[in-house]
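Colleague: Kindly generate the corresponding structure for this input.
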Amino acid sequence: MRFEPTPGAAGRACVLLALVSALLLLPGLALAQDDAAPTAEEAAAFVERADADLLKLLIDAERAAWVQSNFITHDTEILAAQAGEKLLSASVRYATEAARFDGLELSYDVRRQIERLKTGLVIPAPADPAKTTELTRITTRLESLYGSGEYCPEEGECRDLQVLSRTLATSRDADELLEAWTGWRTVSPPMRAEYQRMVELGNEGARELGFADVGALWRAKYDMDPDAFAAELDRLWGQVQPLYTALHCHVRAKLAEHYGDAAGDGRTIPAHLLGNMWAQEWANVYDLVAAGDADPGYDLTALLNEHGLDAREMVRYGERFFSSLGFEELPESFWERSLFTQPADRNVVCHASAWDVDQVNDLRIKMCIEVNAEDFRTIHHELGHNYYQRAYNELPFLYRDSANDGFHEAVGDTLALSVTPAYLVDLGFLDEEPPASKDIGLLLKDALDKVAFLPFGLMVDQWRWKVFSGEIAPQDYNAGWWQLREKYQGVSAPVARDEDDFDPGAKYHIPANTPYSRYFLAAILQFQFHRALCETAGYEGPLNRCSIYDSKEAGEKLAAMLEMGASRPWPEALDAIAGSETMDASAILDYFAPLKTWLDEQNEGRQCGW
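Modeller: Have a look, this model is predicted:
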């Protein structure tokens, strides 16, 4: 399961992530600068001041955001917005002044924290106040267009994204699916001209900060040359592409059996048939593509209910997992202040999220927990964020973050991978593990989410980087989007699209300017982490059956990486847990090896690829 950015999402511990949607250089924020050349001593004092100021402002913003998420009213929204605006203003003010110290010989820590301030900006505005005001208006307008978007047919009621997405997930009528898919894409054409102007202004601001364009700014935060980072993502994709191609081949064939001519030309898969508004995860079509003998041998939801678990006890099991690895128990305030169930007397934001309100030990999760398998795994995921947050809480504020933005999500997902039949045996939920022959159903369902997501996770920023660099010109925005979707995903538009459309804008992260490569990285890293920790735990057997539960050795290795926060370049953090400074997607191939054998058998006689 993938947890995309929402208010309160984990990784909030650093202002650089908390403000992903709209960090803008606002008019009148530049600090007064002396004519005298800056010194290393000034730079050190600047970092210390920024660290203290931003920490205080983030805590204020976190408290306001927590109240707003748990007591949704007009007034709490205003209070949260006001606290967020103060944090935003200070963040961009410090990022702007940080450029004064470029070229100075500085200590490692001072230089690294200055660079983290600078590369935390997402869409930097030009220094011209009029252009800054224009950019602020555009970014606000883009998010509003998305958030208020509805499909309103000539006859019938208007439908929002939630309703249309439910249709994509549950309907098996090709015409109904097509209407829902095209209907949502009526909300994005009005964004097109605004988005083009935003790119122009953002690039101007990026150049003023010393970057070639906004895409180069985004890639610069990964401790390597921006072009080298892009090449690294392509290398990782090359490792997993054969597994994705095999999955694509099987899914395409099964959808063709069900939908006939509506399934297209037998080469690419029409995007509306894959159970998700963006065809980014395919688990909703599992019933159409599963093997006849895919029963995993147990029903985790039924087991949880048989053992009488409630929401709080579900979380206790998650805490016990970490305790079994040697981690300290959660503070009592966690149990007093977290939200575990949906209140009967008010609306709350139910989307699962992990919080570190005081950036030290005021850890919380916010979930409307139901006693089912999905939420059991989600709890382990969210607690992964909390334990990460606590592990780096003694570092300077600008280091209180994951090694790169893919690590935080990867850690949560890594722990969720250990919710295996072996773990359930350890908990007493199962008497014995089902035979390995039962694994195919579980692996296929996981692959429909995790493997199917990989090319989409890659191509979203591929499109934006090309737009920012000018390789994709404004008159080719939509054509460039579909060329990349076909190239990487083998997915095509179900009906003709042209440049009157703006299909990229139908995905939240485009109008909200949220970088997306973090999700591709997390999808890769979680399996590399899992394999390394399983090896440390002394596990021998199929990787998909490994649980690191009760391994103090694995816990020590995990803690060593978590405690580094963002204080060292991510390759060093990776080496601490995986014994290598190179990201390696081969762990995904190891994990899904039984499924790949099964897919190859199913695909005999089929023409795979596109």
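Colleague: shaky segments in this protein?
Modeller: Within the chain, the segments meeting pLDDT under 70 span 1-35.
Colleague: name the helices or strands packed onto the helix or strand harbouring Ala81?
Modeller: Using DSSP states H and E, Ala81 maps to helix 74-98. Applying 3 or more CB pairs under 8 Å, 6 or more residues apart in numbering; DSSP states H and E, one finds that helix 74-98 contacts helix 15-18, helix 40-70, helix 108-119. (Glycine included, C-beta is placed from N, CA and C.)
Colleague: got the angle between it and helix 108-119?
Modeller: The directions of helix 74-98 and helix 108-119 differ by 120 degrees, with axes from the mean of the first three to the mean of the last three CA atoms, to 10 degrees as the criterion.
Colleague: now helix 74-98, how far from the centre of its chain.
Modeller: 23 Å (CA atoms, centre = their mean, to the nearest Å).
Colleague: Helix 40-70 and that helix, what's the angle between them?
Modeller: Angle of helix 74-98 versus helix 40-70, following the same axes, to 10 degrees, is 160 degrees.
Colleague: buried stuff in helix 74-98?
Modeller: Within helix 74-98, the residues that count as buried by 16 or more other CB atoms under 10 Å are 76, 79-80, 83-84, 86-88, 90-98.
Colleague: Same check on stretch 162-176?
Modeller: Across stretch 162-176, burial judged by 16+ other CB under 10 Å covers Leu164, Ser165, Thr167, Leu168, Ser171, Ala174.
Colleague: Show the residue spans covered by the helices in the stretch 301-450 of the chain.
Modeller: For the stretch 301-450 of the chain, applying DSSP state H, counting those that start in this stretch gives helices covering 311-324, 332-337, 373-391, 405-417, 421-426, 439-469.
Colleague: Any idea which of those gets closest to Ala493?
Modeller: Set against Ala493 and scored by CB to CB, the helices of the stretch 301-450 of the chain come closest in helix 439-469, at 14.1 Å.
Colleague: just checking, what packs against that closest one?
Modeller: Using 3+ CB pairs under 8 Å, 6+ apart: helix 439-469 touches helix 192-208, helix 214-219, helix 226-259, helix 286-289, helix 477-484, helix 517-536, helix 593-602.
Colleague: residues of the fourth one that come out buried?
Modeller: Put plainly, it is helix 286-289. Residues of helix 286-289 classed as buried by neighbour count (16+ other CB under 10 Å): Tyr286, Leu288, Val289.
Colleague: May I see the residues you listed organised as a markdown table, with distance to Glu563 added?
Modeller: Shown next, in a markdown table, are the buried residues of helix 286-289 (distance: CB to CB, whole Å):
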| residue | distance to Glu563 |
| --- | --- |
| Tyr286 | 39 |
| Leu288 | 45 |
| Val289 | 42 |
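Colleague: quick one: which of the residues you listed is nearest Ala231?
Modeller: Val289 (33.4 Å).
Colleague: distance of the closest residue to that closest one other than its chain neighbours from Ala452?
Modeller: In space, and not counting its chain neighbours, Val289 is closest to Lys254: 4.2 Å by CB to CB, 6 or more residues apart in numbering. Lys254 sits at a distance of 13 Å from Ala452 (criterion: CB to CB, to the nearest Å).
Colleague: Neighbour count: the two, which is higher?
Modeller: Neighbour tally, Lys254 and Ala452, criterion other CB atoms under 10 Å: the higher count belongs to Ala452, 25 against 16.
Colleague: mind listing what that one touches?
Modeller: Each residue near Ala452 by CB atoms under 8 Å, 6 or more residues apart in numbering is listed here: Tyr244, Leu247, Val251, Leu274, Gln280, Glu281, Trp282.
Colleague: Arg606 now?
Modeller: Residues near Arg606 by CB under 8 Å, 6+ apart: Cys249, His250, Ala253.
Colleague: And Ala180, by the same measure?
Modeller: By CB under 8 Å, 6+ apart, the residues touching Ala180 are Tyr151, Arg159, Leu164, Ser165, Thr167, Leu168, Ser171, His272, Met277.
Colleague: I'd assumed it was in a helix, is it?
Modeller: Yes: Ala180 sits within a helix when classified using DSSP: H, G, I helix; E, B strand; the rest coil.
Colleague: For the closest residue to it other than its chain neighbours, I want the exact helix or strand it lies within.
Modeller: In this structure, Ala180 finds its nearest non-sequential neighbour in Thr167, 4.1 Å apart by CB to CB, 6+ apart. Using DSSP H and E, Thr167 sits in helix 161-170.
Colleague: List the contacts of that helix.
Modeller: Here helix 161-170 makes contact (CB under 8 Å, 6+ apart) with 149, 151, 159, 176-177, 180-181, 183-184, 272, 275-277, 284.
Colleague: next one: stretch 398-405
Modeller: Residues contacting stretch 398-405 (CB under 8 Å, 6+ apart): 11, 13-14, 16-17, 47, 50-51, 54, 113, 116-117, 221-223, 359, 388-389, 392-393, 408, 411, 515, 518, 521, 561, 564-570, 572-574.
Colleague: now Gly538: how far from Phe527?
Modeller: 19 Å.
Colleague: Please apply the same query to Asp413.
Modeller: Look at Asp413 and Phe527: by CB to CB, they are 9 Å apart.
Colleague: and if you look at Ser323?
Modeller: Relative to Phe527, Ser323 is positioned 24 Å away (CB to CB).
Colleague: From the neighbour counts alone, determine which of these two ranks first.
Modeller: Phe527 (26 against 15).
Colleague: wait, that one sits on Ile588?
Modeller: Yes: using CB atoms under 8 Å, Phe527 is in contact with Ile588, at 4.6 Å.
Colleague: Tell me if I'm right that Tyr467 and Gly480 touch.
Modeller: For the record, residue 467 is Val, not Tyr. Yes: using CB under 8 Å, Val467 is in contact with Gly480, at 7.4 Å.
Colleague: These two - which one has more neighbours?
Modeller: The residue with more neighbours, out of Val467 and Gly480, is Val467; 25 against 18, by other CB under 10 Å.
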